[in-house]
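Peer 1: Here is a sequence with its predicted model. Questions after.
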Amino acid sequence: MTLMTSWVESANDAEADFPLNNLPYGVFSTNSLEPRCGVAIGDQILDMAAMEEAGLIRLADETVFDVPYWNDLMDLGPSAWAELRNSLIGMLSADSADQATVAPHLVPMADARLHMPLVVSEYTDFYAGKHHAQNVGTMFRGPENALPPNWLHIPIGYNGRASTVVVSGTEIRRPNGQLKAPDAEMPRFGPCQRLDIELEMGAIVGGSTEMGEMISVREADEMIFGYVLLNDWSARDIQAWEYQPLGPFQAKAFATSISPWIVTKAALEPFRTSTPEREKELLPYLQEPGPMLYDIDLSVIIEPEGAAQEVISRTNYKEMYYSAAQQLAHHASSGCAMNSGDLLGSGTVSGPEKDQRGSLLELSWGGKEPLTLKDGSQRSFIEDGDTMILTGHAQGDGYRVGFGACAGKILPALET
Ligand code: CA
């Protein structure tokens, strides 16, 4: 696949995140426009509510784009998803005859505010990165017992909070919580001292299953609408005290950030790749009928207050041991009903090398090996005023399918 050229000139740059090949879905507003659906193309946003009102796009009897979420389109199903993408490619391609009618509905991205692109029904976070699980397990339990005995058989997850999933740019307040030092007799309540990121991909479910219904991995893959970058903010010290035996709770519940543009599964199709070779054969219901993972370069950037941005980690989504399709099939396997708008966090994406780790916990090895930044300051965990930024793109031949950024600045904790 090579670059598909558009009459929107800024979309034809080889480094642009949003060429015609991509066409990701977001929600935007301006000083004069209420939040509504938009499609990114180059440095512009195509106002889908206006396109629909002008009769240039119509997918159903009722309008679906004059709302601040993409859930209505998800509910129309995969054939409508394909119809929309084909129509947009036709109208925005360099040889289109529609330029004069479509161009008035473009809004410069620089004039727009971006909002949550969907209503998140429920949020589940998985733990599917083997290097991450191995690193964390080694720190907490030693190298012999690093991977839990179920890990090579089950895509492990926990049910998180949809209520605190926020869009990139939302400031994140350092959480307070119960903390207990290993040698302390009693816990205390106060600001998290070991605040961290988790570099993840978020899969957005676009279909639904009935309670009691089971789906195959192939059906699960067909139900996925698209992907975003996801930062599963984590309070390591709160987690260490609270997590046994039921898993993370308040340590993860205070915030999860996602990037503002939903990159569709169709845009990522050329970048499909297989999960790594299985170390233990999976049970049949989890076996993949084809490549279900994607080759997506990912970076973690830190921007301390008043300082320059600095990349502290680079890795790739293809490092994951389980795909989102496997996770979704497993999620429904007990008969759990799944819904459009469900968000599945992949689990922290870490590569095998030290500078490929997707959390500060791993990068600083639990605080034992702090990072030294270019301004001379050190980081084991996030400090107040730091902005943490995730970026990602799939690299094509002379073009890229980008995700934009998933950023959040840390504010000081509330006084207790
Ligand atoms: Ca996580």
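Peer 2: Sure thing, it's come through.

Peer 1: So which residues on the protein come close to the ion?
Peer 2: Residues of the chain lying near the ion by C-beta under 5 Å from the ion: 125, 198, 232. Every C-beta, even on glycine, is put in place using the N, C-alpha and C of the backbone.

Peer 1: at 6 Å instead, please
Peer 2: Within the chain, the positions near the ion by C-beta under 6 Å from the ion are 125, 198, 200, 232, 345, 347-348.

Peer 1: Of those residues, which belong to strands?
Peer 2: Counting by DSSP state E, the part of the residues of the chain next to the ion found in strands is 125, 200, 345.

Peer 1: could these go into JSON lines alongside neighbour count and pLDDT?
Peer 2: Below are these laid out as JSON lines (neighbours: other C-beta atoms under 10 Å; pLDDT from 0 to 100):
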{"residue": "125", "neighbour count": "28", "pLDDT": "98"}
{"residue": "200", "neighbour count": "31", "pLDDT": "98"}
{"residue": "345", "neighbour count": "28", "pLDDT": "98"}
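
Peer 1: possible to save those as CSV with distance to residue 8?
Peer 2: CSV is the format used below for those (distance: C-beta to C-beta, whole Å):
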residue, distance to residue 8
125, 36
200, 31
345, 32
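
Peer 1: Go through the residues you listed and say which is closest to residue 261.
Peer 2: Residue 261 has its nearest neighbour among these in residue 200, at 16.0 Å by C-beta to C-beta.

Peer 1: What is the distance between the one helix or strand residue 82 maps to and the centre of its chain?
Peer 2: Assigned by DSSP states H and E, residue 82 belongs to helix 78-92. How far helix 78-92 lies from its chain's middle: 23 Å, per C-alpha atoms, centre = their mean, to the nearest Å.

Peer 1: who's in contact with it?
Peer 2: Residues outside helix 78-92 that contact it (C-beta atoms under 8 Å, 6 or more residues apart in numbering) are 4, 6-8, 11, 20, 23, 39, 41, 46, 56-57, 59-60, 73-74, 96, 98, 102, 206-207, 222, 225, 264, 266.

Peer 1: Would you mind measuring from residue 19 to the ion?
Peer 2: According to C-beta to the ion, to the nearest Å, residue 19 stands 30 Å off from the ion.

Peer 1: ok but that residue is inside a helix, no?
Peer 2: No: applying DSSP: H, G, I helix; E, B strand; the rest coil, one finds residue 19 to be coil, outside a helix.

Peer 1: For burial, what's the neighbour tally of it?
Peer 2: Neighbours of residue 19 under the rule other C-beta atoms under 10 Å: 28.

Peer 1: got the phi/psi numbers for it?
Peer 2: Main-chain dihedrals, residue 19, degrees, to the nearest 10: phi -70, psi 180.

Peer 1: The one 5 residues further on now?
Peer 2: Dihedral angles of residue 24 (phi, psi; degrees, to the nearest 10) stand at phi -80, psi 160.

Peer 1: list the contacts for it?
Peer 2: 18, 39-40, 226, 261-264, 267, 403-404.

Peer 1: Setting aside sequence neighbours, what's the nearest residue to it?
Peer 2: residue 261 (3.7 Å; C-beta to C-beta, 6 or more residues apart in numbering).

Peer 1: I'd say the one you found and residue 40 touch.
Peer 2: Yes: the pair residue 261 / residue 40 is scored as a contact, 5.6 Å apart, by C-beta atoms under 8 Å.

Peer 1: And those two? Which one has more around it.
Peer 2: Taking other C-beta under 10 Å, residue 261 and residue 40 do not tie; residue 261 has more neighbours (30 against 27).

Peer 1: roughly how far apart are residue 372 and residue 270?
Peer 2: 39 Å (C-beta to C-beta, to the nearest Å).

Peer 1: cool, and residue 37?
Peer 2: Separation of residue 37 from residue 270 (C-beta to C-beta) stands at 25 Å.

Peer 1: now swap in residue 51 and tell me
Peer 2: Using C-beta to C-beta, residue 51 is found at 26 Å from residue 270.

Peer 1: Brilliant, that's me finished.
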